[in-house]
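Next one to model:
(one chain, ligands or ions: 1)
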Amino acid sequence: MNFSLEGRTYVVMGVANKRSIAWGIAQSLHNAGARLIFTYAAERFEKSVRDLADSLEGQDALFYQCDVTDDESITETFQQIQNDVGTIHGLAHCIAFANKDELKGDFLNTSRDGFLTAHNISSYSLTAVARAAQPLMSEGGGIVTLTYLGGERVVPNYNVMGVAKASLDASVKYLAESLGQHSIRVNAISAGPIRTLSAKGVGDFNSILKDIEERAPLRRPTTQDEVGDTAYFLLSDFSRGVTGEIIHVDSGFHIIG
Ligand SMILES: CCCCCCc1ccc(Oc2ccc(Oc3cccc(O)n3)cc2)c(O)c1
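Modelled structure (predicted):
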């Protein structure tokens, strides 16, 4: 059994900058020998993704724009990837969004549009991308997405994103059932709070990190590389018997009331 990712190609969706969890995942996969393909939502992210990828020694990365709210964009992107590389061995879905004004205050005030936007981008996009990627994973593969504790229990201010993450978590299980027969595994990493561009949109981060340092079993915040290495595990043969699972990489915080 080979646990290196040499000779394997993975798509990483959602690198925005060097703090992105997706970038931590890309670094771990690269260090394990993987060939990487990056997708970004809009042209404005292309340069920073290319600049980051250029720092990966010996990596011959490919780059594609993909707007996950547009089915044609998804179909076109994976058609291009199939034309360019043929087979991929897995995918990291690190994409989520909710309107800022829905990420604070009373959840009761969630708008219909805000609810649908959060679910469209943060949950449905996993199913849409999995369907487009499946034909390229002819040798089987792994799909990993990012979720958060706020989808399992109430975290003040996380609001509609928590409901979208609950939907994402259920999607992971239904996709695991649907894709298992194609030897494609689907799992999620529930990451503890990390100071990313996205995190700027939710709650009072300093108090959340302070609470983790005081009460999490490991008494320290989660790091990008810890999440990256768990993604490597879930996308490698180490986890060949694992699908439909949510692994908490959160210093153990989820076990604390
Ligand atoms: C109150 C909860 C504190 C811990 C939150 C940890 C966390 C941090 C970032 C997370 O990812 C997103 C992604 C997009 C998102 O929506 C945004 C982000 C920035 C601006 C904006 O208009 N929407 C909110 C959170 C996420 O799902 C969870």
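
Can you tell me which residues in the stretch 51-200 of the chain are near the ligand?
Contact residues, the stretch 51-200 of the chain versus the ligand (Cβ under 6 Å from any ligand atom): 96-100, 103, 148, 150, 155, 157-158, 161, 193, 198-200. (Glycine included, C-beta is placed from N, CA and C.)

Can I have the buried ones of the residues you listed as a ChimeraX selection?
A single ChimeraX command selects the buried members of these (16 or more other Cβ atoms under 10 Å):
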select :96,97,98,99,103,148,150,155,157,158,161,193,198
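
what's the burial count for Arg240?
12 (other Cβ atoms under 10 Å).

Report pLDDT for it.
For Arg240, the pLDDT comes out at 98.

can you offset everything so residue one is 15?
Sure, I'll start numbering at 15, so the last one becomes Arg254.

mind checking how far it is from the ligand?
28 Å (Cβ to the nearest ligand atom, to the nearest Å).

Do a quick rundown of the strands in this protein.
23-27, 49-54, 76-79, 104-107, 155-161, 198-205, 260-263 (DSSP state E).

Tabulate those strands (a markdown table), appending distance to Leu182, mean neighbour count and mean pLDDT.
Formatted as a markdown table, these follow (distance: least, Cβ to Cβ, whole Å; neighbours: other Cβ atoms under 10 Å; pLDDT from 0 to 100):
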| stretch | distance to Leu182 | mean neighbour count | mean pLDDT |
| --- | --- | --- | --- |
| strand 23-27 | 14 | 26 | 99 |
| strand 49-54 | 18 | 23 | 98 |
| strand 76-79 | 23 | 16 | 98 |
| strand 104-107 | 9 | 28 | 98 |
| strand 155-161 | 6 | 27 | 98 |
| strand 198-205 | 7 | 25 | 99 |
| strand 260-263 | 10 | 20 | 99 |
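
and the lengthiest helix in the chain, which residues are buried?
Longest helix in the chain, counting residues (DSSP state H): helix 173-193. For helix 173-193, burial by neighbour count (16+ other Cβ under 10 Å) applies to 173-183, 185-187, 189-190, 193.

starting at the chain centroid, how far to it?
Centroid displacement of helix 173-193 relative to its chain, using Cα atoms, centre = their mean, to the nearest Å, is 12 Å.

what does stretch 161-169 give?
With Cα atoms, centre = their mean as the basis, stretch 161-169 stands 15 Å off its chain's centre.

What are the contacting residues of that stretch?
172, 175-183, 186, 202-206, 217, 260, 262, 264, 267-268 (Cβ atoms under 8 Å, 6 or more residues apart in numbering).
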